[in-house]
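# Fold the following and give me the result.
(chains A and B)
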Protein chains: 2
Amino acid sequence: MRLSSFTDYGLRVLMRLAGAPNQSISTGQIADEFAISQHHLAKVVQDLGRGGFVNSQRGRNGGLQLARPAKTITLGEVVRHLEQRFAIVECFQSDGGSCVLKPLCRLKPRLAAAREAFMSELDQSTVADCALTASGPTLAAK
Amino acid sequence: MRLSSFTDYGLRVLMRLAGAPNQSISTGQIADEFAISQHHLAKVVQDLGRGGFVNSQRGRNGGLQLARPAKTITLGEVVRHLEQRFAIVECFQSDGGSCVLKPLCRLKPRLAAAREAFMSELDQSTVADCALTASGPTLAAK
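Got it, this is the predicted structure:
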């Protein structure tokens, strides 16, 4: 079972912003700290904005901030939002996929229930629970 | 959140075999019925064999059969087996991945708990609960 790197990076961004709630941090700085592609991260940040998780200010003192207090953002809602483009198996695609078993299948509702159990577990934690501070050994070294 | 097509196909094979417990069915026939690649399916079947889920007999009356009664095989154990090569996010890879947040991360145990909730939900159902019969509208038309 995999989450996309898109979602993985989105969670990391929110964890980073939650660790510095009074700062604006640029996408470039986060990409640098995390040693990942700024281009890819910019798309993730755009989607986090669409989901109402971050605000982005342009300009010299601009950057990213959480749009809401970290303790009000559950990991479940973030993962649901960022993963909505990915189907757990092909019949969950918006076009229904091409599996010939669909009329007979008793697996699909069970996979849906399992996915919901996964998300419900993530609803138990918030971004605040996972906040990163820059004082740790790795980020501090950047 | 995605399962691999490898796992998706593996579940379909077990569902098909569970629907015909007294027959041996060839990989070629299942690939035909499901309209998927026989080459890909053969690899899936090999892994199902390694996991102790199917037995394969060569020869004229050969083919695949479930290695155990369908009602004793949970969906959770199948998915755990077939997905073991896939990391939920990169730090779950056997080499640990390259995420710089590892020393600080409070997300990883939460993702592990969510994955376990997903698998536990699948442990509630068996392959017998999802058995396919060839009498349905789609497979019967093949």
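# Give the burial count for A:G59, as a bare number.
Applying other C-beta atoms under 10 Å in any protein chain shown, we find 7 other residues in the vicinity of A:G59. All C-beta spots, glycine's among them, are computed from the backbone N, C-alpha and C.
# got it, and A:T74?
Residues near A:T74, counting by other C-beta under 10 Å: 19.
# so what's it closest to, chain neighbours aside?
A:D123 (4.8 Å; C-beta to C-beta, 6 or more residues apart in numbering or on different chains).
# pretty sure that neighbour is touching A:L75, no?
Yes: with contact defined as C-beta atoms under 8 Å, A:D123 counts as touching A:L75 (7.3 Å).
# Same drill for the two, tell me which one is more crowded.
A:L75 (24 against 15).
# My guess is that one contacts A:A128. True?
No: using C-beta under 8 Å, A:L75 makes no contact with A:A128, being 10.4 Å away.
# What backbone torsions are found at the residue nearest to A:T74?
phi -70, psi -20 (degrees, to the nearest 10).
# tell me the pLDDT at it?
Per-residue pLDDT puts A:D123 at 98.
# and if you look at A:V78?
pLDDT at A:V78 comes out at 98.
# And A:F53, by the same measure?
Note on A:F53: pLDDT of 98.
# ok, it - how many residues close by?
24.
# so who does it touch?
Remark: with contacts taken as C-beta atoms under 8 Å, 6 or more residues apart in numbering or on different chains, A:F53 is in contact with A:L14, A:L66, A:A67, A:R68, A:I73, A:V78, A:H81.
# With A:V89 instead?
Contacts of A:V89 by C-beta under 8 Å, 6+ apart are A:G97, A:C99, A:L111, B:R2, B:L3, B:S5, B:T7, B:D8.
# Mind putting those residues into JSON lines with neighbour count and distance to B:G51?
Output for these, formatted as JSON lines (neighbours: other C-beta atoms under 10 Å in any protein chain shown; distance: C-beta to C-beta, whole Å):
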{"residue": "A:G97", "neighbour count": "13", "distance to B:G51": "25"}
{"residue": "A:C99", "neighbour count": "20", "distance to B:G51": "22"}
{"residue": "A:L111", "neighbour count": "24", "distance to B:G51": "19"}
{"residue": "B:R2", "neighbour count": "18", "distance to B:G51": "20"}
{"residue": "B:L3", "neighbour count": "24", "distance to B:G51": "15"}
{"residue": "B:S5", "neighbour count": "14", "distance to B:G51": "17"}
{"residue": "B:T7", "neighbour count": "23", "distance to B:G51": "11"}
{"residue": "B:D8", "neighbour count": "22", "distance to B:G51": "15"}
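# Would you confirm that A:I30 contacts A:G19?
No: with contact defined as C-beta under 8 Å, A:I30 does not count as touching A:G19 (11.1 Å).
# Can you turn the buried subset of the contacts of A:F53 into a selection I can paste into ChimeraX?
In ChimeraX, this line selects whichever of the contacts of A:F53 come out buried by 16 or more other C-beta atoms under 10 Å in any protein chain shown:
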select /A:14,66,67,73,78,81
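# Now distance to B:M119 too, for the contacts of A:F53, in TSV please.
What follows is these, written out as TSV (distance: C-beta to C-beta, whole Å):
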residue	distance to B:M119
A:L14	26
A:L66	32
A:A67	33
A:R68	31
A:I73	26
A:V78	21
A:H81	23
